[in-house]
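Trainee: Structure for the following, please:
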Amino acid sequence: MSLDEALSSLRRGDFILLHDGGKRENEVDMVVAAEFVTPEHIKRMRMDAGGLICMSINHELASNLGLDYMHEILFRSQHFDESLKKMIIGTAPYGDRPSFSISINHKNAFTGITDKERAFTISQMAELYKNENTNKKDIFNSNFKTPGHVPLLIASQGLLSNRLGHTEMSIYLMKLAGLSPVTAICEMLDSQTYTALSTEKAKKYAKDNAIPYFDGIELVKLAREH
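Mentor: Numbering: from 1, shown residues only. A predicted model of the protein is given here:
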């Protein structure tokens, strides 16, 4: 599928399948713009993808909200002694540091795990990005709680010039689509092999369900050209 088809799908509030490249995780994620997320999106990611449903945000928003990467938070924690700090991931096997930050629920959630509540938490973060109030941190602190059921991922500051993960690729796609830089993403897993879904099976799923399949390598080429 072409980049234009992928961007059009995202602008409609539909999914795309995004492969990060064979030299990295070699995984395919379902991706949707957070501003359009509904309970149906969450249900489909839960049932058809099966991985961890996360929310990616751009680095600028994370900075404005005072958020940091979880490995940095734990490393600075006075409640982690030196032996516990040895557990903290430095570089993951796929070559990058994890982009995980805290996990959140919206304050109006009950448990936070239902399709409705996760969709609401994710969509409200997109609304926060679009909020013109200059003090978004106070709004964030008042409206979201941690720990919760939606893991936050922070895209690197330089996006694809610094890291080639689904986090950065999905946010870069939002930039190209003219959408809020907040996404919901979920890895596609294979219930038969108990591993990540192969690109061949992911492409078949995409074709059967009329969902654009996009190779992140093309995004990397585009980012380098510009």
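
Trainee: centroid residue for the chain?
Mentor: Most central in the chain under C-alpha atoms, centre = their mean is Ser56, positioned 3.3 Å from the mean C-alpha point.

Trainee: What pLDDT is listed against that residue?
Mentor: For Ser56, the pLDDT comes out at 98.

Trainee: thought it was touching Val182?
Mentor: Yes: the pair Ser56 and Val182 qualifies as a contact (C-beta atoms under 8 Å) at a distance of 7.0 Å. Placement of C-beta: from N, CA and C, glycine included.

Trainee: Neighbours of Asp20, how many?
Mentor: Using other C-beta atoms under 10 Å, Asp20 has 25 neighbouring residues.

Trainee: what are the ranges of the strands in this structure?
Mentor: Per DSSP state E, the chain carries strands over the ranges 16-19, 28-33, 54-57, 100-106, 144-154, 182-187, 189-190, 195-196, 213-215.

Trainee: out of those, which comes closest to Ile88?
Mentor: Distance to Ile88, taken as C-beta to C-beta, is lowest for strand 100-106 among the strands of the chain, at 11.3 Å.

Trainee: what's Ile185 in contact with, if anything?
Mentor: 18, 29-31, 53-56, 153, 166-167, 170 (C-beta atoms under 8 Å, 6 or more residues apart in numbering).

Trainee: Top of those by number of neighbours, please.
Mentor: Counting neighbours by other C-beta under 10 Å, the top entry in these is Asp29, with 32 neighbours.

Trainee: Quick one: the strands of the chain as TSV, columns for distance to Leu7 too.
Mentor: TSV is the format used below for the strands of the chain (distance: least, C-beta to C-beta, whole Å):
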stretch	distance to Leu7
strand 16-19	9
strand 28-33	10
strand 54-57	17
strand 100-106	26
strand 144-154	21
strand 182-187	13
strand 189-190	26
strand 195-196	25
strand 213-215	9
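
Trainee: which of those is buried the deepest?
Mentor: strand 28-33 (a mean of 28; mean count of other C-beta atoms under 10 Å).

Trainee: what angle separates that one from strand 182-187?
Mentor: Here the directions of strand 28-33 and strand 182-187 differ by 160 degrees (axes from the mean of the first three to the mean of the last three C-alpha atoms, to 10 degrees).

Trainee: so what does strand 28-33 touch, helix or strand wise?
Mentor: helix 3-11, strand 16-19, helix 166-177, strand 182-187 (3 or more C-beta pairs under 8 Å, 6 or more residues apart in numbering; DSSP states H and E).
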